[in-house]
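Engineer: Take this sequence and fold it.
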Amino acid sequence: MAGKSNRGRNRKGLQQSAMNSSEQSVNLSEQSVNPSEQSVNPSEQSVNSTEQSVSSDAPSNGSSSTVHANGDMSSSESNDTKSEVKDQDNASNQHPAKQGGIHDTRREKLELQLSPGDSVMDVRQFLLDAPETCYFTCYDLLLHTKDGSVHHLEDYNEISEVADITSDSCSLEMIAALYDDRSIRAHVHRTRELLSLSTLHSSLSTMLALQHETGKTAAANTGDAAKTEVPELDNLGFMENVSGSLTNLLSPPSKEIKCVESIVFSSFNPPPSHRRLCGDLIYLDVVTLEGNKYCITGTTKAFYVNSSTGNILDPKPHKAASEATSLVGLLQKVSPKFKKAFREILERKASAHPFENVQSLLPPNSWLGLYPVPDHKRDAARAENSLTLSFGGELIGMQRDWNEELQSCREFPHATHQERILRDRALYKVTSDFVDAATSGAIGVISRCIPPINPTDPECFHMYVHNNIFFSFAVDAELEQLSRKQASEENSKAQRTVSSQNYSQKSENNLPQGASRVSSMDKSAVLNSENIVGTKALSPDVPAEAQLAESEQATYASANNDLKGTKAYQEVDVPGIYNLAMAIIDYRGHRVVAQSVLPGILQGDKSDSLLYGSVDNGKKICWSEDFHSKVLEAAKRLHLKEHSVLDGSGNVFKLAAPVECKGIVGSDDRHYLLDLMRVTPRDANYTGSGSRFCILRPELISAFCHAEAAEMSKSGCHPEQENPVVSDSSNIISAEEVVKPDTNVAADAPSATSETQLQDSEKGEKENLQSYGSRPRREDTSKEILFNPNVFTEFKLAGNEEEIATDEENVRKASLYLKDVVLPKFIQDLCTLEVSPMDGQTLTDALHAHGINVRYIGKVAEGTRHMPHLWDLCSNEIIVRSAKHIVKDILRDTEDHDLGLAISHFFNCFLGKVQAVSAKGVANNSHSKTQKKVHSGHHASGKSSKGQDKLRNVGYVRKKQSLYLSITSDSLWSDIQEFAKLKYQFELPEDARQRVKKISVIRNLCQKVGITIAARKYDFDALAPFQVSDVLNVQPVVKHSIPVCSEAKDLVETGKVQLAEGMLSEAYTLFSEAFTILQQVTGPMHREVANCCRYLAMVLYHAGDMAGAIMQQHKELIINERCLGLDHPDTAHRHKLFSSTCFSFL
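Structural biologist: Modelled structure (predicted):
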């Protein structure tokens, strides 16, 4: 726990309102205090959304320190809270908070407030973050009650389960516990972490505020406060020099405070056996700032300086040194400079906003890196961590069973409010940890640090199991189509045929994660079971059309759809149906799908475990009454219809899910539903052979159902059957009735002054909320409209023709609703600035929020051609998405040592003028990764010679086409134009290369691929503006299914309705309660928490509490900077509103 404390998302605390600060009192060793919120780490299973005040220095022995854990305002802010808001402070309290004391091992006293619902882990997290106790990691807690009884507290207990703390005079005592091998290593890791400021993330707003305060102080000291100098703003003309202003998008690194020269594990490790018997666990070599070298012994009880000076271990304690229960305590005794520097570190962290000390779950990839590149200095601790924490060298202990943890959390009781919070928090923690572990594992898979479980098969067939996570590859088949088309123009007819056939075979044998197939090949036990990845080899006599249809399951789209389907079933949360934890990691051109391991799937033949669905495209369908009843319950909530299908033998089965889904019973007797790539019906506007996974978005289905229900209600026509024929598309509800999504992409129109900007923004938000609140609730009616997910597919449907025609008509009407109603309304909203995306990501978010797939972006571009800025935005996004597939293919076929050269060459072709390539460069790249794949395929066992020939020929064609140095600017842009036409049905103009917004496009592409470039000025008029040294890093891009807190989301939605109706007190209560719940579940570093802060700021602004509004806006800014990035449009927009509010407050 100790070693991970600063990786947490936040600290929890009392379930008190975020605005309760009127009762604060802080006295810490007669020092001035900076009240700040400290957050508990849900990754350490703590619950408090505690916001506490901390001292900047540890009190001396015998002193008393009082810390109240409620309130999140500074003293200046608390006095400005309006009475209307103050009345609501206790509305969200579930339990009365009682004050108790904590006595640490040095008999110092800390006072805090606890709620009976708080757990022991909450207290531990408080102590882990408090400056007085942050370096203690191994201790027990004893609870002293009023009656004199003493209770030992276990970590995972709630305090109320141990004793009644509602009475006063309760105290907790910290008692030093014994170290073991694992805990003492964690203690050393925690100590190193404390001595670094790498976990402190200063926000731009905080730095500007500190600069302003420093300027005011300096002016006051000179006695000329009226003439405070305002620093001149740089780069006001950045629009004329966008490239030169890139450096301003990076926050300057924090100045490190050095406490010690080095702390490394000694070469005396491991302790000899006779010293182990005396309690020695570890030896450390420490060099202090004074230049003294110490060899420190860590025992089960304490740390002390031994007498070793040379190459011989002398375990006797050093004469001039004493022992301490913590490493920090010992270093403070032997090094005065360490003591002084450590105090400065604590002061720095205490002066920062508490949100800046909290780690973000999945921070955005930075597409810019420092320039010039900082010097890489020696760091023995960093070197040790890179070795001891690498693959295969983890700390000793049992690997986590991710599936069992996840399913056990889902089975937690959730009848009461507190039970739901505990369940949501546990699910969030386990899923977050899984995504973190899956990302590390995927990097190891692609970097070849993790061996495959089937090494005798070709590389493209490899599967991996690491840390109880199953990894497999998905193949981007869309680019293969373009490659085959180009090959047909350049190669002979024979080569063209071979390429087409082998593309089908290669893609089929790289099926994505969810294709739970039973292999008919005589392979290992893994392949004989319902493998969650699926590697069934195709028979050479299977028709090419069928192979092509099967190969579509290997596309990126199917992996995306499976993740969305898994998330949909997790959200409906039907008891008895379980899904695997899942994440998609894009790294170096590869797409890796990570899943928790299905119980029993790796142990022998489990061919009888399939209870529902089909593993062979409907030839044989399994069915279970018990399983079907559970799936049917989920289907009703997902607008899916129970329908009949035929298997290959003509048998009729009633299903409530796609035919290709797999219902499997694991060895733990749980029912798992896999392969959820089509939980919404197919898009009838895309019915071609290559559009099998073009499905409608769930937002569109919900909007269509609401629209149909409203139309039926208007006409007084009530459905007489479960799935009626919908009305003609011309009678569909008007576009104004489309459900408005809750997005942050609707930037407000600029106004003349900063004050009116804020008013216009608040007014626009309020109008949107009013339209939201005025919509009638039609959930019950919309449930009547159900869709058959298997229409417009190759599966055979049973039932009468009229029913099948009705099902097809429903899907067709929903597709027409998308094309004829939603899409034109979205284009109209863009043109009227009701929706104002500022970059490619916000445009994508806006499309998705309205239920529009990105494949329709070409139609959006055509509809906004008369609006130059919108047309440029859409066309740039199409260019980036087309280029993304090409650069990923280049990365996938490039050796590691050529990655920097390949990326810089691609960027030069993309934005420069590369016309020719040297033969030397081509020769240097001749040994490509593709050649290795062909070689591995040649020596693979269990494959037919015909299959080997196919693989070799495909490798030759791909090698010839994928050499990155053979690309020129003309050929690259030709590929982009052709890809845009093929995928998005959009004709790029002839001058697209000249019109493209270079910095914007580079930023968008880097974020999508995970590339980091140097933040320097680029000369885009040069032939080759990029150098190899400009490419700094390639990072993984992660998609996940981390759950959201539905209860908090509902509170926010209800609060928006109350705010729209002008009921400020009620809205404030709801938003505060949602904020408190989210703090306990996700911690502060989450976009939903930022939304709560935004709405709280709106309420306080309308209530006239400007100081409170500024405080909430500051919190939102910090979260947005950390979760979205400093250059995200939402962050920039919130900076504008923040400055407007501050200006109006002056």
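Engineer: can you pull the buried residues of the longest helix anywhere in the chain?
Structural biologist: The residue-count maximum for a helix in the chain (DSSP state H) belongs to helix 417-446. The neighbour-count check on helix 417-446 (16 or more other Cβ atoms under 10 Å) flags 418, 420-446 as buried. For the C-beta atoms, the positions are set from N, CA and C on the backbone; glycine is no exception.
Engineer: what's the following helix or strand after it?
Structural biologist: Downstream of helix 417-446, the first helix or strand assigned by DSSP states H and E is strand 464-466.
Engineer: which helices and strands sit right next to that following strand?
Structural biologist: With contacts taken as 3 or more Cβ pairs under 8 Å, 6 or more residues apart in numbering; DSSP states H and E, strand 464-466 sits against helix 417-446, strand 469-474.
Engineer: Determine the set of other helices and strands touching the first one.
Structural biologist: In other words, helix 417-446. helix 402-410, strand 464-466, strand 469-474, strand 582-587, strand 590-596, strand 1037-1040, helix 1046-1060, helix 1064-1081.
Engineer: Looking at those, which is nearest to Pro789?
Structural biologist: strand 582-587 (19.6 Å; Cβ to Cβ).
Engineer: can you point me to the longest strand in the protein?
Structural biologist: strand 280-288 (DSSP state E).
Engineer: Pull up the pairing partners for it, direction included.
Structural biologist: Strand 280-288 has the following strand partners under DSSP bridges: strand 260-265 (antiparallel), strand 293-299 (antiparallel).
Engineer: That strand - what's its average pLDDT?
Structural biologist: Across strand 280-288, pLDDT averages out at 95.
Engineer: Then stretch 634-653?
Structural biologist: 92.
Engineer: Surely Phe653 forms part of a strand?
Structural biologist: Yes. Secondary structure of Phe653 (DSSP: H, G, I helix; E, B strand; the rest coil): part of a strand.
Engineer: burial count for it?
Structural biologist: 19 (other Cβ atoms under 10 Å).
Engineer: same thing with Thr687?
Structural biologist: 14.
Engineer: related to what we said a few turns ago, now the helices and strands packed on helix 417-446 as a markdown table including mean neighbour count?
Structural biologist: A markdown table is the format used below for those (neighbours: other Cβ atoms under 10 Å):
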| stretch | mean neighbour count |
| --- | --- |
| helix 402-410 | 20 |
| strand 464-466 | 20 |
| strand 469-474 | 26 |
| strand 582-587 | 25 |
| strand 590-596 | 25 |
| strand 1037-1040 | 18 |
| helix 1046-1060 | 20 |
| helix 1064-1081 | 26 |
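Engineer: nearest to Ile282, of the ones you listed?
Structural biologist: strand 464-466 (27.4 Å).
Engineer: List the neighbouring strands of the closest one plus their orientation.
Structural biologist: Here strand 464-466 has these sheet partners by DSSP bridges: strand 469-474 (antiparallel).
Engineer: now Leu178, nearest residue through space, not along the chain?
Structural biologist: With sequence-adjacent residues excluded and distances taken as Cβ to Cβ, 6 or more residues apart in numbering, Leu178 is closest to Thr300, at 4.7 Å.
Engineer: Please look at the one you found and Tyr179 and confirm they touch.
Structural biologist: Yes. The criterion here is Cβ atoms under 8 Å, and Thr300 meets it with Tyr179 at 5.2 Å.
Engineer: show me the contacts for the nearest residue to Val334 once chain neighbours are set aside.
Structural biologist: Nearest in space to Val334, with sequence neighbours left out and distances taken as Cβ to Cβ, 6+ apart, is Ala321 at 5.8 Å. Counting by Cβ atoms under 8 Å, 6 or more residues apart in numbering, Ala321 makes contact with Tyr294, Tyr304, Val305, Leu330, Lys333, Val334.
Engineer: quick one: the second one from Pro336, how far?
Structural biologist: With distances defined as Cβ to Cβ, to the nearest Å, the gap from Tyr304 to Pro336 amounts to 19 Å.
Engineer: Repeat that for the fourth one.
Structural biologist: In this structure, Leu330 and Pro336 are 13 Å apart, going by Cβ to Cβ.
Engineer: Val123: how many residues sit nearby?
Structural biologist: 25.
Engineer: so it touches Leu110, yeah?
Structural biologist: No. Counting by Cβ under 8 Å, Leu110 is not a contact partner of Val123; they are 10.4 Å apart.
Engineer: before we move on, the earlier item: which among the helices and strands packed on helix 417-446 is found nearest to Glu699?
Structural biologist: Using Cβ to Cβ, the helices and strands packed on helix 417-446 put helix 1046-1060 closest to Glu699, at 14.7 Å.
Engineer: What is the closest one packed up against?
Structural biologist: helix 417-446, helix 754-774, helix 1064-1081, helix 1087-1102.
Engineer: Could you tell me the least trusted of those?
Structural biologist: Minimum mean pLDDT among those: helix 754-774, a mean of 47.
Engineer: does Gln359 count as helix, strand or coil?
Structural biologist: Following three-state DSSP, we place Gln359 in the coil state.
Engineer: what's the answer for Ser649, then?
Structural biologist: Of the three states, Ser649 takes coil under three-state DSSP.
Engineer: which residues does the residue nearest to Leu178 contact?
Structural biologist: Here Thr300 is in contact with Leu178, Tyr179, Asp180, Gly279, Leu281 (Cβ under 8 Å, 6+ apart).
Engineer: Can you name the two of the residues you listed that sit furthest apart?
Structural biologist: Farthest apart among the contacts of Thr300 by Cβ to Cβ are Asp180 and Gly279. That separation is 10.7 Å.
Engineer: Which one's more surrounded, these two?
Structural biologist: Gly279 (15 against 12).
Engineer: Below-threshold pLDDT in the stretch 151-300 of the chain: ranges please.
Structural biologist: Applying pLDDT under 70 to the stretch 151-300 of the chain picks out residues 166-168, 198-201, 205-244, 251-254.
Engineer: Looks like Cys1045 contacts Asp424 (just checking).
Structural biologist: Yes. Between Cys1045 and Asp424 there is a contact under Cβ under 8 Å: 4.9 Å.
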